[in-house]
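1. Below is the sequence, then the predicted model.
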Amino acid sequence: MTTPSLEQILDTTLNFKGSFISGKWMDFSKDSSGEWGVRSPANIEWELPTLNYSLSAVEQSAASASEALKTWRHIGLEKRCEFVKKFGVELVKRQFLLGRVIALETGKPLDEALGEASLLEKKIEVTIEHGLELMKSSHVKINDTQKGEIHWMPKGVMLIIGPFNFPVHLSHGHVVPALLMGNTVILKPSEKTPYSAQVYADAAEAAGFPPGVFQLIQGPGEMAKRLMRQTEVDGVIATCSYEVGAKIQKTLAESPEKIVALEMGGKNAALIWGEKNIEMLSSELIRSSYLTTGQRCTALSRVYVQRQIMSDLIQVFHQKAKELSISHPFDTDPKPYMGPLISEESLDKFLRYNKIAQSDGAETIMRPKALKGKTRLKDVPLPNGHYVSPSVHVVPKCDPASAYQNHEIFGPDLFFCPIDSFDEGIASINTSKYGLVSSVFCPRTEFEYAADRINAGLIYYNRATVGASARLPFGGWGRSGNHRPAGLFAIYACSQVQARMV
């Protein structure tokens, strides 16, 4: 068995088209402001073309989106639904290619990448069937001669800044409601995943949106910064780290009229009290911690567990962690559970935090290792990529001053901490400045007590922290967001309310 070539994986030539502006692909190789390279984290020796970008794309796309808004917002919801549904059909046609490109660019296992691609049409269905229900006009009686009306209107030109870990799914969750509401959209994907965005934009082009309604701008972070400053841009939606979110708000500090919706990650926790099913617990914790190599904003990194069962739980969890398949995303025998981290910088940071954990007094149960050149299957070595084994630690107590215990690492790391009461576990969870998601494993009678006291936007009962439902809001408290949840409520971030008295 050998690792497949790039051509075998994609079954097509990977050509960079540039940016999609006003209904046309624009190649800026002859008018380049700069270039950047992309390497697959699964095999950095694969040769991918050098990519070019142009700062002129910023003004062009903003002007085009503003012009298109004049008609798109008034063509009617039924017509907009027709376009978006056709977009969904075109995405389904490209589902297999899109999954392979996602796996190539992010390093996540192919099955997981295909799963991401398969969710796109469903998001359209959920938004049309349930999201638009939130936007229905309502009427109130003011007095005997007057009545009031409440209407939801489009915000305008929306800039959507996408992440690398779910390069299509998370951006799509904002693109769809924005378009349905009558906004025009400029998508700025992560510079780490330009080809996933290109396949996505290909589907938008095939759907036949009027020029300027949907646009794709490729390039480094500077492009996003310039886009959000354009006077035509009315709102910014970004999935990013807390640090990047803070920079976005600083950039727009003098533009309070622009709506800003941020989803910024977490330092997510599980509380285990009164639950003794060790097999179930360890399986849910493994899934929470190590899917997508821990590169999920909902990934679990803290476990506060009843002292009496902690030793048994760690023993079973450790064994399961050692058995995880870590390999190339396109391997089939066995299929990988974890692929690589996204970059060399991420790998270095992950390993560095293992040393910080030790200096902060943590006991190392499973030490992380870079897997460069290591064997994954019998005599078959891993390709040259950013592969790493997971890490497991035990901390003696919750320490709000510990850098290790409180910083979002964004990698496959988990620590266990013993607790002696249910309330101690709740208090420990709330020491974090983040508040995205928590899982509570306890008797059902005690769950509501915990949920009422935990500072997080999503609380799960007896299940993993990953795998949110599109039928619910998705957003965190504290440093995890700025009070504009995605998921079902994403439609609010691209809308504004208008009251009428008649």
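-> Thanks, I have the structure now.

2. Low-confidence stretches in the protein?
-> Residue ranges of the chain with pLDDT under 70: 1-5, 11-12, 374-380.

3. ok, now with 50
-> 1 (pLDDT under 50).

4. Outline the domain layout of it.
-> 6-264+484-501, 268-468 (automatic domain parsing).

5. next one: the last one to chain centre, how far?
-> In this case it means domain 268-468. Distance of domain 268-468 from the chain centroid (C-alpha atoms, centre = their mean, to the nearest Å) equals 18 Å.

6. quick one, helices of the stretch 101-250 of the chain?
-> 110-118, 120-126, 169-181, 194-207, 221-228, 242-251 (DSSP state H, counting those that start in this stretch).

7. Make TSV from these and add mean neighbour count and distance to Arg100 to it.
-> Placement of C-beta: from N, CA and C, glycine included. Shown next, in TSV, are the helices of the stretch 101-250 of the chain (neighbours: other C-beta atoms under 10 Å; distance: least, C-beta to C-beta, whole Å):
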stretch	mean neighbour count	distance to Arg100
helix 110-118	20	7
helix 120-126	19	15
helix 169-181	26	15
helix 194-207	22	9
helix 221-228	20	26
helix 242-251	16	28
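
8. JSON lines for those helices, including distance to Ser346?
-> Listed next are the helices of the stretch 101-250 of the chain as JSON lines, based on distance: least, C-beta to C-beta, whole Å:
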{"stretch": "helix 110-118", "distance to Ser346": "18"}
{"stretch": "helix 120-126", "distance to Ser346": "26"}
{"stretch": "helix 169-181", "distance to Ser346": "18"}
{"stretch": "helix 194-207", "distance to Ser346": "18"}
{"stretch": "helix 221-228", "distance to Ser346": "16"}
{"stretch": "helix 242-251", "distance to Ser346": "14"}
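
9. For Lys147, find the nearest of those helices.
-> For Lys147, the closest of the helices of the stretch 101-250 of the chain is helix 169-181, at 24.4 Å, according to C-beta to C-beta.

10. just checking, what packs against the closest one?
-> With contacts taken as 3 or more C-beta pairs under 8 Å, 6 or more residues apart in numbering; DSSP states H and E, helix 169-181 sits against helix 77-93, helix 120-126, strand 147-154, strand 157-161, strand 184-188, helix 194-207, strand 233-239, strand 486-487.

11. Reformat the ones you listed as TSV; add distance to Ser32.
-> Converted to TSV, the helices and strands packed on helix 169-181 look like this (distance: least, C-beta to C-beta, whole Å):
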stretch	distance to Ser32
helix 77-93	30
helix 120-126	31
strand 147-154	34
strand 157-161	22
strand 184-188	18
helix 194-207	15
strand 233-239	23
strand 486-487	34
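
12. Out of the ones you listed, which is closest to Ala57?
-> strand 184-188 (9.8 Å).

13. Show me the contact partners of that closest one.
-> If you take C-beta atoms under 8 Å, 6 or more residues apart in numbering as the criterion, strand 184-188 is touched by 61-62, 65-66, 68-69, 72, 156-162, 171, 175, 178-179, 197, 200-201, 212-217, 219, 223-224, 227, 233.

14. Restrict it to CA atoms and write it as PDB.
-> Extracted in PDB, the C-alpha atoms of strand 184-188 (Å, rounded to 0.1, in the frame of the first residue of the first chain):
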ATOM      1  CA  THR A 184     -25.500  40.500  -1.000                       C
ATOM      2  CA  VAL A 185     -22.500  38.500   0.100                       C
ATOM      3  CA  ILE A 186     -18.700  38.800  -0.200                       C
ATOM      4  CA  LEU A 187     -17.000  35.600   1.000                       C
ATOM      5  CA  LYS A 188     -13.400  35.900   2.200                       C
END
